[in-house]
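Chemist: sequence and predicted structure below; questions after.
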Amino acid sequence: MEKHIVEIIIETKLADEEGLVLIHVEGQAQRLLDYNKKMFKYFARLYEKYQRKILPIVVYSHDAKLDEVDNFKIEFSFLKVLEFNFLMLQLRKIPWRQYIRSNNQVAAALIGMMNYTEIEKISVRIEFARMMTNMQLDPARSALLTAFIETYVKLTEEEEILYRDRLKQELTQQEVEKLIEITTSYHENGREQGKLEGKLEGKAEVAKKC
């Protein structure tokens with residue numbers, strides 16, 4: 001059986017629809033052929049399991065700016081057997097500045113995967129930091145979003161210095177203090193996780209020698 005990962009399934013209620021639906025978001029980092037067919041297979045498996053209305057959304061984060069297909073069809077000349085459609089979001093086609101004032105968790109998570117130039121990297125991180133300070137998030141969500149931005153918008157040592165200098169200039173003192181609180185918590189959790197993994201690896205090595 002083909003293995004696959006469903007990255008996010010959210011059970012929610014749409015404003016204009018009665019009842020609950022499952023929203024399937026598939027993050028695809030590399031351009032793949034026949035991805036529309038794979039989306040249909042994911043959808044069919046989820047429907048078989050949940051027997052609920054499913055709104056499928058695919059989030060493309062690859063660098064290619066070519067138009068992607070948003071449907072899958074099976075048809076004969078005399079009969080259309082199947083037409084499967086899904087919503088599609090191609091992040092590299094979206095100007096990142098459109099979302100910096102939204103204070104939306106999803107926008108904050110994806111802003112680092114949108115369309116920006118190399119010289120805008122620091123500005124992306126600055127605006128992400130501002131968004132983080134204006135959202136009331138628990139530590140777990142803050143850590144998740146911080147991990148996203150640090151993964152997709154990596155800074156060199158020189159850029160890190162410029163980034164910190166600009167933070168002090170462009171953010172208020174209150175925003176800077178809030179950001180320090182968020183990033184300190186994130187990196188402390190990372191260190192604790194690293195210590196735990198190190199201990200587990202050490203125990204595993206000892207067990208092998210016994």
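Modeler: Yep, it's here. In this text the structure is predicted, and so the values were computed from the model without any measurement.
Chemist: can you give me the strands for the protein?
Modeler: 8-12, 21-28, 54-60, 71-75, 80-85, 87-90 (DSSP state E).
Chemist: out of those, the one nearest residue 144 is which?
Modeler: For residue 144, the closest of the strands of the chain is strand 8-12, at 11.4 Å, according to Cβ to Cβ. Heads up, the C-betas are built off the backbone N, CA and C, glycines and all.
Chemist: average pLDDT for the closest one?
Modeler: For strand 8-12, mean pLDDT rounds to 71.
Chemist: how about stretch 161-171?
Modeler: Average pLDDT, stretch 161-171: 92.
Chemist: can you list the buried residues in it?
Modeler: Within stretch 161-171, the residues that count as buried by 16 or more other Cβ atoms under 10 Å are 163, 167, 171.
Chemist: will you turn the residues you listed into JSON lines that also has distance to residue 98?
Modeler: Below are these laid out as JSON lines (distance: Cβ to Cβ, whole Å):
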{"residue": "163", "distance to residue 98": "22"}
{"residue": "167", "distance to residue 98": "22"}
{"residue": "171", "distance to residue 98": "21"}
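Chemist: in helices, which of those fall?
Modeler: For the buried residues of stretch 161-171, membership in helices holds for 163, 167, with DSSP state H as the criterion.
Chemist: quick one, what contacts the residue nearest to residue 70 when sequence neighbours are not counted?
Modeler: Nearest residue to residue 70, sequence neighbours excluded (Cβ to Cβ, 6 or more residues apart in numbering): residue 88, at 4.4 Å. Residues in contact with residue 88, defined by Cβ atoms under 8 Å, 6 or more residues apart in numbering, are 57-58, 60, 68, 70.
Chemist: cool, thanks, signing off.
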